[in-house]
Each structure stands twice: as structure tokens, then as C-alpha cells.
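Peer 1: mind folding the following:
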Amino acid sequence: MTSTGSFVIVVGFDGSRNSQTALRWAMDEAQQRNGQLRLVTAWSKPPLSWFPAVLETAAGEIVAEDSPQQIAETVQADALKTAESEGVAATGQVVHNDSAASAIIDAAKDADLVVVGARGHGGFTGLHLGSAATQIITHAPCSVLVVRSKSS
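Peer 2: The predicted structure follows:
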């Protein structure tokens, strides 16, 4: 356990189906252990994206696409609301980092458990275990639980 005496669970959350399953699992575990969640959402700026994309809607309106940071902040705010609605103590970090795994491992330095989905939004949809989950399993300073949604 951490020095605070509370069981701390770090959850990697990117809004994907597997990360939603990980969040549900972590909330249940936090309730059973009277623990707290620390949600980590990492974002990075795609190459050559120094200006926001501008899109034209079907009605001919021009709209700007949300930035990766705005999307990450929205995804995490929704996850924090979900935890709060379940009565689970939760804090969040939105981190600018090209490596989601590194951001989660850094956040887990004083944690008791890391919970992540088997894969997130990465490009290789056929993989059963994504690269971030693999790195976290290998390098996390505490126990790691990798969850999959039933359709994965």
C-alpha cells in the first residue's frame, strides 16, 4: 500500500472499449478496498498537425476539429464523472506524452495496482495485446491487471 494508507489504482484511460472495461473493473476494486483511482489519459500531437483541421459539415457549415488535448480532456472528464457517480474517489492527469505507457508507468510510482485495457486506439486492430499494455506489464513498479472487453 502507499504511504497514505489508501489503496491506489492507476487506470490508463483513452476512451476505447477496453479502457472503459478497465475503468469499470478498477472502480469495483476501489470500492471493495476503500481505495482511490488515479486516471491517466495521454495525448500527443500527430506529426505535421501544427494547425487544427477544418471540416465542412453536410449542411455546409465550417467547423474546427477538436485538438488532441481537448479530446483527451473531454474523455477524461467523462471518466471522472463516471467514477464520481459510482462514489469512487478519483483524480486525473491529462498528460502530453508520445508514449501512453511511459505516462502510466510514471503515474504508478507510488501506486498499488495498474489497470489497463488489453489494447487502446492503436492501429493494429487484430492484436490481442497492444504495445502500451505490453510495455506497462514489463516496466510497471507494481502489479498490473490487463482487462479485455468481451468482444475483444
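
Peer 1: for residue 21, which non-adjacent residue is closest in space?
Peer 2: residue 149 (4.4 Å; Cβ to Cβ, 6 or more residues apart in numbering). Where you see a C-beta, it was placed from the backbone N, CA and C, and this is true even at glycine.

Peer 1: ignore what I typed, I meant residue 148.
Peer 2: residue 118 (4.3 Å).

Peer 1: relative to residue 86, how far out is that neighbour?
Peer 2: Using Cβ to Cβ, to the nearest Å, residue 118 is found at 22 Å from residue 86.

Peer 1: neighbour count: the two, which is higher?
Peer 2: residue 118 (22 against 15; other Cβ atoms under 10 Å).

Peer 1: so that one makes contact with residue 130?
Peer 2: Yes - Residue 118 lies in contact with residue 130 (Cβ atoms under 8 Å); the separation is 6.6 Å.

Peer 1: helices along the protein, start to end?
Peer 2: Assigned by DSSP state H, the chain shows helices spanning 17-33, 68-85, 100-107, 131-139.

Peer 1: for the second one, buried residues please.
Peer 2: If you call a residue buried by 16 or more other Cβ atoms under 10 Å, then helix 68-85 has these buried ones: 71, 72, 73, 75, 76, 79, 80, 82, 83.
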